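1. Quick one: sequence plus predicted model below, questions after.
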Amino acid sequence: MQAKEIITKTEAFAKGITDKYALELVEAEYVKEGHDRFLRVYIDKEGGVTIDDCESVSRELEEILDREDFIDDAYILEVSSPGLDRILKKDYEYTKYKGRQVTVKLYKPIDKVKEFEGELVGLEGGKIIIKTDEGELDFDRSAVAVCRLSVII
């Protein structure tokens, strides 16, 4: 089974579990790192997830994955929060985190600069918009390698 199919099936099972616990299913990923394969499920909730949240989802999801047995390779299941410095991937996140500080990294530099920081304004017409001290900047989403929430200490 292809990784994309594994992710789709895993997210469908995980969604039922996260809904039960009033958690948000952020995403799942199936990746190979070194000799190991990892099936990672990221969850969130207002105020942040706890270890108990991760444990509950992991326990129930593991039971379903074992029963359904659709992943041929050995893998390690991990359930966690996307973190304070989460990468924004889905459209709704650009609305949810509007007003927060972000770091935008580009594939190719603009005037020799590949990284920009500012306040997230949003996503409009395929462009990520941030507000900096110099004014608003917009970047074609296809030119952005990563848009990540900034952790301010």
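-> Done, it's in.

2. Quick one: mean pLDDT for the strand ranked longest in the chain?
-> Looking across the chain with DSSP state E, the single longest strand is strand 113-124. Per-residue pLDDT over strand 113-124 has a mean of 96.

3. Give the buried residues for it.
-> Neighbour counts over strand 113-124 (16 or more other Cβ atoms under 10 Å) mark 116, 118, 120-121, 123 as buried. C-betas here are computed from N, CA, C, even on glycine.

4. Would you reformat those residues as TSV and include distance to residue 71?
-> Shown next, in TSV, are those (distance: Cβ to Cβ, whole Å):
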residue	distance to residue 71
116	39
118	41
120	36
121	40
123	33
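
5. per the record, what domains does this protein have?
-> 3-80, 91-149 (automatic domain parsing).

6. Quick one: classify the closest residue to residue 7 other than its chain neighbours as helix, strand or coil.
-> Take residue 7 and drop its neighbours on the chain: the residue closest to it by Cβ to Cβ, 6 or more residues apart in numbering is residue 28, 5.0 Å away. Recorded secondary structure, residue 28: strand (DSSP: H, G, I helix; E, B strand; the rest coil).
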